[in-house]
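In: What follows is a predicted structure for the sequence shown.
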Amino acid sequence: MGIVIQVVIPLALKQKIYAKEIKMEISYIRNLAGRLLSFDKFKHVIGVEALVRDVAPLYGISVEAACLAAVAHDLAKDLPIEEQKAEAQARKLIEYPEDLLVPQVLHGRLAALKLQEYLGAVDQDILNAIAYHTTGRPGMSPLEMLIYTADCAEPERSYPGVDKLREKLYHDLVEATLAGMEMSIANLQRLGKAIHPLTRCARDFILEAKNKEA
Ligand SMILES: [Fe+2]
Ligand SMILES: [Fe+2]
């Protein structure tokens, strides 16, 4: 029997290797988004990435994880909606009747799936942040809240109240997420569109947590 030599890699070196790997992944997925998306949607993705890069350290969120989620979050957005519905059904991603009533929410879950296919193993928090950026969900992690809100507030967005929302994101992640959800619900109500139950539950979850704190 031969001698087994065990090489112990120091933690600092492991972290360095991981940071280098994830930076390469961000660059690869950013390029992919550039190829898959229209120019305007790609500009939006770059806007989300810039905003999360700035804000993530304020809340102790990994900048690399936030940037990877940002560059990947809309990977499936330019697929025709009927294709999105068909793929979501084939991949068993439909969980609520509203997923098909408001199929615009599906591209989050499809993008998470695509990222996993492109990169192999991906941190579950990153996948959740991508999957739920269209609806939110109860009990969101800080990374999920950051991606959800940065998606609404990135510098390319232009609608009444967006500057205030962006400013809020720099001061209170939970308040900003709640404000983003309230704005999204109000907008859907104004347009007479269905509100996804996950968005209602996500909003109520934050409100209940706030009331318990008060
Ligand atoms: Fe999106
Ligand atoms: Fe987006």
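Out: Ah, there it is. Numbers count the residues shown, from 1 in each chain. Ligands and ions are numbered 1, 2, ... in the order given.

In: Every contact and neighbour count from this point should use C-alpha atoms.
Out: Will do.

In: Helices of this protein, residue ranges please.
Out: 11-36, 39-55, 63-72, 81-90, 97-101, 106-119, 124-131, 142-153, 162-169, 173-191, 197-213 (DSSP state H).

In: mean pLDDT for those: which is lowest?
Out: Averaged per stretch, pLDDT over the helices of the chain is lowest on helix 11-36, reaching a mean of 89.

In: In that one, which residues are buried?
Out: For helix 11-36, burial by neighbour count (16 or more other CA atoms under 10 Å) applies to 22-23, 25-26, 28-30, 33-34, 36.

In: helices or strands up against that helix?
Out: Here helix 11-36 touches helix 63-72, going by 3 or more CA pairs under 8 Å, 6 or more residues apart in numbering; DSSP states H and E.

In: change it to 10 Å
Out: Applying 3 or more CA pairs under 10 Å, 6 or more residues apart in numbering; DSSP states H and E, we find helix 11-36 packed against helix 39-55, helix 63-72, helix 106-119.

In: JSON lines for those, including distance to Asp151?
Out: Putting the helices and strands packed on helix 11-36 into JSON lines (distance: least, CA to CA, whole Å) gives the following:
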{"stretch": "helix 39-55", "distance to Asp151": "6"}
{"stretch": "helix 63-72", "distance to Asp151": "8"}
{"stretch": "helix 106-119", "distance to Asp151": "12"}
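
In: just those: most buried one?
Out: helix 63-72 (a mean of 26; mean count of other CA atoms under 10 Å).

In: Run the angle between that helix and helix 106-119 for me.
Out: Going by axes from the mean of the first three to the mean of the last three CA atoms, to 10 degrees, helix 63-72 is angled at 120 degrees with respect to helix 106-119.
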